[in-house]
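K.L.:
dropping a prediction and its sequence here:
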Amino acid sequence: MYDLFSQLAKFITMFFTSGFASFDLTMLFYIIPAAIMGGFVGAKVSQAISSKRVSQIFEAVILLV
């Protein structure tokens, strides 16, 4: 939860100081829908398998990233 507020504070600070003109935001059109779809798919998968298996998959993905 702390990380959420930290990122939100940074976002607000950037908005009011330098703005977002120096960033290429075109990827957001792909990232946002992918994140939403990933949330729905992840919720369905986590309902279908055990919590132990969810933890194993999470740990494997973290290692890959």
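P.N.:
Here it is on my side, so go on.

K.L.:
downstream of the helix or strand hosting Gln47, the next helix or strand is which one?
P.N.:
Assigned by DSSP states H and E, Gln47 belongs to helix 28-48. Counting by DSSP H and E, the element after helix 28-48 in chain order, helix or strand, is helix 51-64.

K.L.:
quick one, that following helix and helix 28-48 angle?
P.N.:
Counting by axes from the mean of the first three to the mean of the last three Cα atoms, to 10 degrees, helix 51-64 lies at 150 degrees to helix 28-48.

K.L.:
one step back: packing partners for the helix holding Gln47?
P.N.:
Helices and strands in packing contact with helix 28-48 are not found; criterion 3 or more Cβ pairs under 8 Å, 6 or more residues apart in numbering; DSSP states H and E. C-beta here means a position set from N, CA and C on the backbone, and glycine is covered the same way.

K.L.:
what is the mean pLDDT for it?
P.N.:
The average pLDDT within helix 28-48 is 90.
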